[in-house]
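*Asks:* Let's see this in three dimensions:
(chains A, B, C and D)
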Number of protein chains: 2
Amino acid sequence: MAETSTRDRIVIAASRLLQRQGYVGTGIKQIAQEARATLGSVYHFFPDGKEAVAVAAIEHGEREFAALLRAALDGEEDPAAAVDACARRLATALRESGWVDGCPVTAAALETLGTDSEIQRVCASALRDWERLVYDKLLHAGFREEDARDLATTVISTLEGAEVTAQVRRSEEPLRAAGRQLARLVGSYETGVAERRDEERS
Amino acid sequence: MAETSTRDRIVIAASRLLQRQGYVGTGIKQIAQEARATLGSVYHFFPDGKEAVAVAAIEHGEREFAALLRAALDGEEDPAAAVDACARRLATALRESGWVDGCPVTAAALETLGTDSEIQRVCASALRDWERLVYDKLLHAGFREEDARDLATTVISTLEGAEVTAQVRRSEEPLRAAGRQLARLVGSYETGVAERRDEERS
DNA sequence: CAGTCACTAAAACGAACGCTCTATCTAGAG
DNA sequence: CTCTAGATAGAGCGTTCGTTTTAGTGACTG
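*Replies:* As a prediction, the model looks like this:
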């Protein structure tokens, strides 16, 4: 078993707790306990306190979520099938966690909306990064830039929203439905895309 | 100016605060202050404490949000245009509030996921109610039951997610994009729907 | 072998939390 | 008028919050 550093354990534990109970709902002492670290250790690695821990934790969650998206997108050639695969993987992961491990940024983002905290900035850039994964996939498949941009934004928003709905309803169905409908939506561009692909080849 | 009862002021203030800062982030004393009531009054009308206030507040928010959806849906004959109208209204309302007054249940729902509190049940039924508004609209326009169900779930999920994205990005664009794409998605069923409408008429 | 440094450990601070308690005020009934 | 129930007011309870402080540990360095 790989030995995890104390710092890493703190970040991972904080990430899990943040996505389950949000920023205000998660205490520093609870993070320390969950990470099998002491309060002193937490403040040693993060002298700036709770917000600094949260920023590191959200960035960690952003990478995890991005890896899941990338795996799903790379596993399918057709963009419509790829988007559906994202929804399926999210549904499976969500069910296996007992409906608690949802999107790692939504909860924290909503709580810090009014404020101008660093947390909000990290959440915003996480959404941007995930959108870009979808955007690149669509562009690579021959979509027009403007279509790809609109679609990528909507795909991420829909996955985000469907994840929340699935958590509240404790069912995979909202994510499954979102996957089906997103695939249909993406597929509805296919004719134009195919034509454009042929033009490029000529 | 209509005189608002103390109880109503408490519920309204709690609803606003809950959707802006979530359940744990909102204190009872803060609610009392915002409602121009005293702590004693709050516990007089809600002897069961904070959770009871939150339940009443979320139910209030649910009705407000439903009214907005209903107005948008009733304002357009074509279901695709109606869905787009929902997104537009949400975008306008969100901008006018300075990007803070988003969906009244998302924040509270996410925080109480692990628990089996009454709050979670109220949030779940709120989502159900909103879905039903879209579902009825689609059914009335001639959609097949299964299509309408899938679509209604996805429409609400997408609006939910796009609202969060718009709040984080402080821009109407995510909601606008979601509206456009949802309209396209709903519209993609139109041929089948038209045929079925004609069959019914014969 | 003393000294330094990264890290762990735990006690304690003031502030805020949800909530309970008692006291006062107001308005209609007898 | 008195009596009473509903409503308002706020001090104070125990607890937990984020943070600070102080002490102690092991390991590597000069």
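
*Asks:* how far away is the most centrally placed residue in chain A from chain B?
*Replies:* Taking C-alpha atoms, centre = their mean, the centroid of chain A lies closest to residue A:65, which sits 4.1 Å from it. To chain B, residue A:65 is 14 Å away according to C-beta to the nearest C-beta, to the nearest Å. Using the backbone N, CA and C atoms, a C-beta is placed for each residue, glycine as well.

*Asks:* And residue A:112, by the same measure?
*Replies:* For residue A:112, the distance to chain B equals 9 Å [C-beta to the nearest C-beta].

*Asks:* Tell me how far the residue of chain A at minimum distance from chain B lies from DNA strand D.
*Replies:* Using C-beta to the nearest C-beta, residue A:161 is the residue of chain A that sits closest to chain B, at 2.7 Å. According to C-beta to the nearest atom of the strand, to the nearest Å, residue A:161 stands 28 Å off from DNA strand D.

*Asks:* which non-adjacent residue is nearest that residue?
*Replies:* Counting by C-beta to C-beta, 6 or more residues apart in numbering or on different chains, residue B:161 is the residue found nearest to residue A:161 once chain neighbours are left out, at 2.7 Å.

*Asks:* tilt between the one helix or strand that neighbour maps to and helix A:145-169?
*Replies:* Using DSSP states H and E, residue B:161 maps to helix B:145-169. Going by axes from the mean of the first three to the mean of the last three C-alpha atoms, to 10 degrees, helix B:145-169 is angled at 100 degrees with respect to helix A:145-169.

*Asks:* which strands and helices sit next to helix B:145-169?
*Replies:* With contacts taken as 3 or more C-beta pairs under 8 Å, 6 or more residues apart in numbering or on different chains; DSSP states H and E, helix B:145-169 sits against helix A:106-111, helix A:118-140, helix A:145-169, helix A:173-187, helix B:79-96, helix B:106-111, helix B:118-140, helix B:173-187.

*Asks:* and that helix with helix B:173-187, angle?
*Replies:* Counting by the same axes, to 10 degrees, helix B:145-169 lies at 170 degrees to helix B:173-187.

*Asks:* buried residues in helix B:145-169?
*Replies:* Residues B:147-169 are the ones in helix B:145-169 that count as buried (16 or more other C-beta atoms under 10 Å in any protein chain shown).

*Asks:* Point out where chain A drops to low pLDDT.
*Replies:* Scanning chain A for pLDDT under 70 picks out the ranges A:1-3, A:191-202.

*Asks:* Could you tell me which residues of it lie near DNA strand C?
*Replies:* Contact residues (C-beta under 7 Å from any atom of the strand) of chain A with DNA strand C: A:6, A:37-41, A:43-45.

*Asks:* Please pick the buried ones from those.
*Replies:* For the residues of chain A next to DNA strand C, a burial check counting by 16+ other C-beta under 10 Å picks out A:37, A:41, A:43, A:45.

*Asks:* How about residue A:21: what's its closest non-neighbour residue?
*Replies:* Residue A:21 sits nearest to residue B:111 (C-beta to C-beta, 6+ apart), 6.2 Å away.

*Asks:* List the residues that contact that neighbour.
*Replies:* A:21-22, A:25, A:107, B:22-24 (C-beta atoms under 8 Å, 6 or more residues apart in numbering or on different chains).

*Asks:* Go through these and single out the one with the most neighbours.
*Replies:* Taking other C-beta atoms under 10 Å in any protein chain shown as the neighbour criterion, residue A:107 ranks highest of the contacts of residue B:111 with 28 neighbours.

*Asks:* so which residue of chain A comes closest to DNA strand C?
*Replies:* residue A:40 (2.3 Å; C-beta to the nearest atom of the strand).

*Asks:* coming back round to it: including secondary structure and distance to DNA strand D, could the contacts of residue B:111 go into CSV?
*Replies:* CSV is the format used below for these (DSSP: H, G, I helix; E, B strand; the rest coil; distance: C-beta to the nearest atom of the strand, whole Å):
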residue, secondary structure, distance to DNA strand D
A:21, helix, 10
A:22, coil, 11
A:25, coil, 8
A:107, helix, 14
B:22, coil, 14
B:23, coil, 14
B:24, coil, 9
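
*Asks:* if we take those residues, which one ends up nearest to residue B:178?
*Replies:* Nearest to residue B:178 among those is residue A:107, at 20.6 Å by C-beta to C-beta.

*Asks:* so does stretch A:123-141 get close to chain B?
*Replies:* Yes: among the residues of stretch A:123-141, A:123-124, A:127 lie within reach of chain B under C-beta under 8 Å from any C-beta of the partner chain.

*Asks:* any chance of these in a markdown table, plus distance to residue B:181?
*Replies:* Formatted as a markdown table, the residues of stretch A:123-141 next to chain B follow (distance: C-beta to C-beta, whole Å):
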| residue | distance to residue B:181 |
| --- | --- |
| A:123 | 22 |
| A:124 | 21 |
| A:127 | 17 |
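
*Asks:* since we're on the closest residue to residue A:145 other than its chain neighbours, how many residues are nearby?
*Replies:* Excluding the flanking residues, the one nearest residue A:145 by C-beta to C-beta, 6+ apart is residue A:139, at 6.9 Å. Counted with other C-beta under 10 Å, the neighbours of residue A:139 add up to 17.

*Asks:* sorry, back to before: the helix holding residue B:161 versus helix B:118-140: what angle between them?
*Replies:* Using the same axes, to 10 degrees: helix B:145-169 against helix B:118-140 is 120 degrees.

*Asks:* Among the residues of stretch A:123-141 next to chain B, which one has the most neighbours?
*Replies:* With neighbours taken as other C-beta under 10 Å, the top of those is residue A:123, carrying 29 neighbours.

*Asks:* Contacts only, for that residue.
*Replies:* Applying C-beta under 8 Å, 6+ apart, we find residue A:123 in contact with A:58, A:105, A:108-109, A:112, B:168.

*Asks:* from those residues, which two are the most distant?
*Replies:* Largest separation among these by C-beta to C-beta: A:58 and B:168, giving 12.0 Å.

*Asks:* picking that back up, of the contacts of residue A:123 - the most surrounded one?
*Replies:* Busiest of the contacts of residue A:123 [other C-beta under 10 Å] is residue A:108, holding 29 neighbours.
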